[in-house]
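In: 3D model of this:
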Amino acid sequence: MYKVFVNEKPLFLTNAIEKETDFQLFLLESIDIEQLIVKMFKNKIQKASLYYPDEKVILKKLKEKIPVAKAGGGLVYNKKGEVLFIFRNGKWDLPKGGIEKNEDIEHTAIREVEEETGVSELKIVRKLQKTYHVFRRNGKFKLKITHWFEMTSSYEGTLTPQEKEGIEKAVWLKPEEIPVALKNSYENIKLLFEEEKMLKD
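Out: Numbers count the residues shown, from 1 in each chain. Sure thing, here's the model as predicted:
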């Protein structure tokens, strides 16, 4: 099952039909995806499921209905075990950005972290999960698929938030500060930390 966030609301891609649920179920094959997204953006639908019987191709089927934007980002640790966060549009986020032509996704992730925060000396430790959300650009909806990488950095210099991208702050947060920041973050970022078992219950 995939979880796609539309205006911070979950849209589940599933091959199971649940009998008792509190969200609406639509058939992926026949749905007018734009209408559904508009309703979610207007808060008329709080959560929904898109059903398709074959889970292996369910994401491919969604991509046939909505253009895809590919991005790369980093969950970056320094030597002290702190995590790199940015503050933009009134919310805490992790550095990430869109892929450029002829660029591999690992390079995208490293480049975006450097550009958005000024942190260098980045090394990829491992690939993390992908996250999915729908955004609107120039009146058109797109599905953003972000490839996340765990990284380490020995950089100890000044952090320089990329102001032209609207980033107000770039900071290292101690592990105990992260749950507070995540209360004012995006669902995909929370999901990433949950999946990585980084949040203590």
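In: which SSE is immediately downstream of the lengthiest helix in the chain?
Out: Scanning the chain for the helix with the most residues, using DSSP state H, yields helix 105-117. Next helix or strand after helix 105-117 toward the C-terminus (DSSP states H and E): strand 122-137.
In: I'd like to know the average pLDDT value across that next one.
Out: Regarding strand 122-137, the rounded mean pLDDT is 96.
In: report the angle between that strand and helix 105-117.
Out: For strand 122-137 against helix 105-117, the angle by axes from the mean of the first three to the mean of the last three CA atoms, to 10 degrees is 80 degrees.
In: now strand 122-137: buried residues?
Out: Leu122, Leu128, Lys130, Thr131, Tyr132, His133, Val134 (16 or more other CB atoms under 10 Å). Yep, even glycine has a C-beta here, placed from its N, CA and C like the rest.
In: kindly reformat those residues as CSV containing distance to Leu59.
Out: Below are the buried residues of strand 122-137 laid out as CSV (distance: CB to CB, whole Å):
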residue, distance to Leu59
Leu122, 28
Leu128, 17
Lys130, 10
Thr131, 13
Tyr132, 8
His133, 14
Val134, 13
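In: quick one: which of those is nearest Ile33?
Out: Using CB to CB, Val134 is the member of the buried residues of strand 122-137 that lies nearest Ile33, at 9.1 Å.
In: for the closest one, give the beta-bridge partners.
Out: Beta-bridge partners recorded for Val134 (DSSP bridges): Val6, Leu143.
In: ok, it touching Lys144?
Out: Yes - Val134 is in contact with Lys144 according to CB atoms under 8 Å; the separation is 7.3 Å.
In: any residues in contact with both of these two?
Out: Residues touching both Val134 and Lys144 by CB atoms under 8 Å, 6 or more residues apart in numbering: none at all.
In: okay, helices next: where are they in this protein?
Out: Under DSSP H, the chain gives helices at 33-41, 58-63, 105-117, 178-182, 187-195.
In: I'd like to know how far the closest residue to Trp148 other than its chain neighbours sits from His107.
Out: With sequence-adjacent residues excluded and distances taken as CB to CB, 6 or more residues apart in numbering, Trp148 is closest to Leu128, at 4.0 Å. Leu128 sits 16 Å away from His107, going by CB to CB, to the nearest Å.
In: spell out which residues make up each domain of the chain.
Out: The record's domain parsing of the chain by automatic domain parsing lists 2-63, 68-195.
In: lowest-confidence stretch among the ones you listed?
Out: Among those, domain 2-63 carries the lowest mean pLDDT, a mean of 92.
In: and the end-to-end length of that one?
Out: Domain 2-63 has an end-to-end distance of 13 Å (criterion: CA to CA, to the nearest Å).
In: wait, what's in contact with Lys63?
Out: Lys63 makes contact with Leu143, according to CB under 8 Å, 6+ apart.
In: numbering from 58 from now on, please.
Out: With 58 as the first residue, the last one maps to Lys120.
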